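> Sequence and computational prediction follow.
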Amino acid sequence: MLKHLLLLCLLTVAAQAQDLGPAKDDPSVPKDRDTILRIQIFLDKNLFGPGKLDGAVGEFTYKAVVNYNYAHGKRDLYNWSHIQHAAEAEVPIVFAAFKVQPVLTKYVTAELPEDYEQASVYPFMAYRSMLELIAERFHTDESFLAAINPKRDLAALRPGDIIVVPNVKSFRIEEIKPMQSFKTDTMLSSHTIVVDTTERMAAIYSEKEMMLAAFPITPGKP
C-alpha cells in the first residue's frame, strides 16, 4: 500500500512540477482541438480518465497521459506522440449525433434547489436541465457542447432534437436500477484502490501492483 501511495504521489508531483500541464512549446503535445479530443476519448475508453472531454489540455488530461504512459511501461512519461498514434487508430471519428429521447425528461427537474438539505425532499437528485444531463452523459461540459453546436439553442432542448456530442460510450442513467447491487467478483476484489484527495485522483492497481486505471475525483469535505 505504501508503495502505491508513493507511486501516485510521484506521478502527481511530476505533473505539478510541469504546472499541471506541458510546456507551451512542447512539440509532442497537439494543439488542434479535435486531435486533443481524440486523445481524451482514447484515454477515457482505456480507463485513464482525462476529466471532461473538451478538446483542451488541462490538468487531468495531462495526468491521464502521465499515468497511461507509466501503466504501459513507457520510459518518457510526458511524451504524447505514441498516445496520439494509438488514438488515431482506435478513435477515427471524434463526434457523433445524439437524438434526445423522451424518457430522459423524467431525469430533469429545473426547480431542483441548489441547497442540498432542501433538495433532499426530492425522490432523487435530478439534473436541472437537459443540457446538463447530456453533458454528463457524454463526459463533457455545457460550454463544449455549445461550442460544437453553435447554431442550436441548447437551453431549449426537447425530445426529438439532435445535437453533436463527443463520440464516447455514454452514461445511460435510464438503465440504472434503484437499489442496484453487485455480486462479489474475486478478481476485482483483489485490486487495490489508492485515493489521493490532495491531487484529486484515484488509481487502481492489480494484485501484482500494476496500475490498471486512474480517474479524477471530487473529494467531499468532512
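Received, thanks.
> Tell me which residues touch Tyr68, please.
Contact analysis of Tyr68 by CB atoms under 8 Å, 6 or more residues apart in numbering lists 43, 46, 48, 83. No exception for glycine: its C-beta is placed from N, CA and C like everyone else's.
> what's the answer for Thr105, then?
130, 159.
> distance between the ends of stretch 96-107?
22 Å (CA to CA, to the nearest Å).
> pLDDT of that stretch, averaged?
Averaging pLDDT along stretch 96-107 gives 96.
> Begin at 254 from now on, thanks
I'll keep to 254 as the first residue from here, and by that count the last item is stretch 349-360.
> Could you pull up the residues touching the residue nearest to the spatial centre of the chain?
Centrality entry for the chain: nearest residue to the mean C-alpha point is Gly304, 3.9 Å, by CA atoms, centre = their mean. With contact taken as CB under 8 Å, 6+ apart, Gly304 is in contact with 311-314, 317, 469.
> Against Lys422, how distant is it?
Noted for Gly304: a distance of 16 Å to Lys422, by CB to CB, to the nearest Å.
> Could you do Phe295 as well?
12 Å.
> ok, the two, which is more surrounded?
More neighbours surround Phe295 than the other of Phe295 and Lys422, with 23 against 10 (other CB atoms under 10 Å).
> Identify the nearest residue to that one in space, disregarding sequence-adjacent positions?
Excluding the flanking residues, the one nearest Phe295 by CB to CB, 6 or more residues apart in numbering is Ala340, at 3.7 Å.
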